[in-house]
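J.: Using only what follows, build the 3D model:
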Amino acid sequence: MTDHWMPSDLCPECGYAVDAATGVDGDAARPKPGDISLCLRCGAALEWDTSMVMRSVPEEALRELDAKTRRLIEGAKRHIKQRGLFPVSAKGQARVVKKA
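T.: Purely as a prediction, here's the structure:
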């Protein structure tokens, strides 16, 4: 996996500092507008906007994704929530799970 350092941003759901993204399945592509990531603190689904700022993805939009992508997102969210929350002051890392 390839980590990509990004301009620091805060998860709009929990305020966790996110400053990197890592592609799934060995994907080395940098995130781009429209890609979906997950906050590793709270598991929120986030989308990179055209300014590369993360915004929350509404549940309705997640339901419109293909079944494979939905399963990947839901599995990762379950894992994050089972693991528990990181401290807010820790550095975050988002995972890209869908290409736009």
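J.: Burial check on residue 20, number of neighbours?
T.: When neighbours are defined as other CB atoms under 10 Å, residue 20 has 16 of them. No exception for glycine: its C-beta is placed from N, CA and C like everyone else's.
J.: And it, how close does it get to residue 7?
T.: To residue 7, residue 20 is 10 Å away according to CB to CB, to the nearest Å.
J.: just residue 53 next, same as before
T.: Distance from residue 53 to residue 7, by CB to CB: 9 Å.
J.: again with residue 73
T.: 23 Å.
J.: Which residue of those two possesses the greater neighbour count?
T.: Each of residue 73 and residue 7 has its neighbours counted (other CB under 10 Å); residue 73 has more, 21 against 9.
J.: Need the three-state assignment for that one.
T.: What DSSP: H, G, I helix; E, B strand; the rest coil gives for residue 73 is helix.
J.: If I follow the layout properly, it ends up in contact with residue 63?
T.: No - with contacts counted by CB atoms under 8 Å, residue 73 stays clear of residue 63, the gap being 10.8 Å.
J.: check which helix or strand covers residue 19.
T.: For residue 19, the element it lies in under DSSP states H and E is strand 17-23.
J.: other SSEs contacting that strand?
T.: strand 3-10, strand 91-98 (3 or more CB pairs under 8 Å, 6 or more residues apart in numbering; DSSP states H and E).
J.: and that strand with strand 3-10, angle?
T.: 150 degrees (axes from the mean of the first three to the mean of the last three CA atoms, to 10 degrees).
J.: For strand 17-23, which strands pair with it and how are they oriented?
T.: strand 3-10 (antiparallel), strand 91-98 (parallel) (DSSP bridges).
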